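Chemist: one predicted model, sequence on top.
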Amino acid sequence: MLSRPQNYSESVRVTLDGIAGACRAAGRSVDSVTLLAVSKGQSAAAIDSAAGAGAEHFGENFLQESLPKIEALAGRELTWHFIGRLQANKTRPVAEHFQWVHGVDRLKIAERLSAQRPFHAPPLNVCLQLNVGGEESKGGVPATEIPALARAVRALPGLKLRGLMCMPPAEAEEDRQRRWFREARQLFDYLNEKGAGSDQGLGLDTLSMGTSADFRAAIAEGATIVRIGTAIFGPRTPFKP
């Protein structure tokens, strides 16, 4: 899996510089935003090159593709995030091999992840997926259903509820991009103020939102994780080992 070496040092550096610039423009600490390099469709060699340039967190969408890469790169101290839609019959390997899951949108999935998380591992970090734009083509939960799901997931012993993830409608103008991200942040703030009921907040710390096309707008509205693929690895092509 480590054949076909490629050098992504420059693209990682440019991406990290872009994130830092967006943080400064928003009056935020550069350390307040984590780069999640979306590595679906990329070889272990490509991920290894990006890791050598400073990327530490990698996001995978497809379980069958990701597990060999995780094994091949076991010698590196990387953090693996599952960011694809998760089917109930595939929760066990995700619970066993990943440190984060973005996109939990059903209690059943959360319950299976909790039960299948190895007892010796720390709790699995999870984000609930908010369908901020109401698009039928995308997964996620309407804002009105998030508080109840958050309370239920927070009670599961094998999980640590960290926050929200969203994939808003594609917009070309930054003002319109910020509108969607602002809605996610407002719900995030509500959950931290009153999300557990009786004016008790949930203590969330993560907003996973923003991609290569709109991460600056996401950072301006409070993103703590930005999911960047194309800007690092270029246009995606199907991976062939």
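Modeler: That came through fine. Numbers count the residues shown, from 1 in each chain.
Chemist: so where's this protein uncertain?
Modeler: Confidence mapping of the chain against pLDDT under 70 gives the ranges 1-6, 196-199, 236-241.
Chemist: in it, spot the helix with the most residues.
Modeler: Scanning the chain for the longest helix, with DSSP state H as the assignment, gives helix 174-194.
Chemist: now for the next helix or strand after that helix, which elements pack on it?
Modeler: Once the chain leaves helix 174-194, the next helix or strand it forms, by DSSP states H and E, is strand 206-208. Packing partners of strand 206-208 (3 or more C-beta pairs under 8 Å, 6 or more residues apart in numbering; DSSP states H and E): strand 124-130, strand 159-166, helix 174-194, strand 225-228. (Each C-beta comes from the backbone N, C-alpha and C, glycine too.)
Chemist: who touches the helix or strand where Lys108 lies?
Modeler: Lys108 belongs to helix 107-116 when assigned by DSSP H and E. The contact list for helix 107-116 (C-beta atoms under 8 Å, 6 or more residues apart in numbering) reads 86, 88, 91-92, 94-96, 101, 104, 124, 126, 149, 152-153, 156-159.
Chemist: my read: Glu221 touches Arg182, true?
Modeler: Yes - if you go by C-beta atoms under 8 Å, Glu221 and Arg182 touch, sitting 5.0 Å apart.
Chemist: for the residue nearest to Gln177 when sequence neighbours are not counted, what are its contacts?
Modeler: Using C-beta to C-beta, 6 or more residues apart in numbering and skipping the chain neighbours, the partner closest in space to Gln177 is Ala217 (3.7 Å). Each residue near Ala217 by C-beta under 8 Å, 6+ apart is listed here: Glu174, Gln177, Arg178, Phe181, Gly210.
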